[in-house]
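[1] could you look at this predicted model? Sequence included:
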Amino acid sequence: MDFVNGAVAHRLRFGGGRGQDIAKAMGLRGGKTPNIIDATAGLGRDSFLLASLGAQVTMIERSEKMHALLVQGMERAAAEGGELREIIGRMTLLKGDAKDLLPEVSGEAILIDPMHPPRKSSALVKLELRQVREIVGNDDDAADLVRLALRHALNRVVLKWPAKADPIQGIRPCTHQILGKTTRYDVFMTGQG
């Protein structure tokens, strides 16, 4: 996990701020900055981006190995000081299964980015994401996690999903979508907040 260099650093400098699709989907607009729970932290990139935009982000990772890699990456970024330390300071990392932890934490918006289904095309997924799948496996319980999140999010649940993938079976239709070139954000407004 590298929050200092590479793709994350580039996205921090040139990503487009609150105009990015993920920021819009999570509700960072009109001066609002919701408290966010990233229920499937993975590489931590989305959490880092959202924290760079001012959000307090609680990250949940159930894979012991991914959690350890996130801890190391966050420590390296915080050690850099300055803006990176401030961003990392808005990120809290919890180890465990989001299905167990969501009832215990509070967030206005919950982000769920489960392992995506195999592509229909022959294009190979980036090596980095293939390695993540090797570490965390498949998220066969994604529908259960979305349903649980819908009961606990104060304002919204956002499912990050491939733009052309079929919807996850067993969850209600989303309120609206934000479509990107390769990714879509299915937004489920909960109206509890």
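    Now that the structure is in, tell me what you want to look at.

[2] biggest helix in this structure, by residue count?
    helix 64-80 (DSSP state H).

[3] now do the strands in the protein.
    36-38, 57-61, 91-95, 109-112, 156-162, 176-179, 183-189 (DSSP state E).

[4] leaving out sequence neighbours, find the closest residue to L49.
    R11 (6.2 Å; CB to CB, 6 or more residues apart in numbering). C-beta coordinates here come from the backbone N, C-alpha and C atoms, glycine included.

[5] measure the one you found to L53 for me?
    11 Å (CB to CB, to the nearest Å).

[6] of those two, which one has the most company?
    L53 (21 against 15; other CB atoms under 10 Å).

[7] correct me if wrong: that one contacts R29.
    No: assessed by CB atoms under 8 Å, L53 is found out of contact with R29, at 10.5 Å.

[8] mutual contacts of the two, please.
    R18, A23 (CB atoms under 8 Å, 6 or more residues apart in numbering).

[9] related to what we said a few turns ago, what helices and strands are in contact with the longest helix of the chain?
    Judged by 3 or more CB pairs under 8 Å, 6 or more residues apart in numbering; DSSP states H and E, the packing partners of helix 64-80 are strand 57-61, helix 82-89, strand 91-95, helix 127-136.

[10] how about a cut-off of 6 Å?
    helix 82-89, helix 127-136 (3 or more CB pairs under 6 Å, 6 or more residues apart in numbering; DSSP states H and E).

[11] returning to what we had before: any idea which of the strands of the chain is most buried?
    strand 36-38 (a mean of 30; mean count of other CB atoms under 10 Å).

[12] so what strands line up beside it?
    Strand 36-38 sits in its sheet next to strand 57-61 (parallel), strand 109-112 (parallel), going by DSSP bridges.

[13] looking at it now, give me its mean pLDDT.
    Summarised as a single mean, pLDDT over strand 36-38 is 98.

[14] list the contacts of that strand.
    M26, S47, L50, A55, V57, T58, M59, V105, G107, A109, I110, L111 (CB atoms under 6 Å, 6 or more residues apart in numbering).

[15] how about 8 Å then?
    With CB under 8 Å, 6+ apart, strand 36-38 has contacts from 26, 44, 46-47, 50, 55-60, 98, 102, 105, 107-111, 113, 153.

[16] and stretch 64-82, by the same measure?
    1-4, 41-44, 48, 59, 61, 84-85, 87-89, 91, 93, 95, 132, 135-136.
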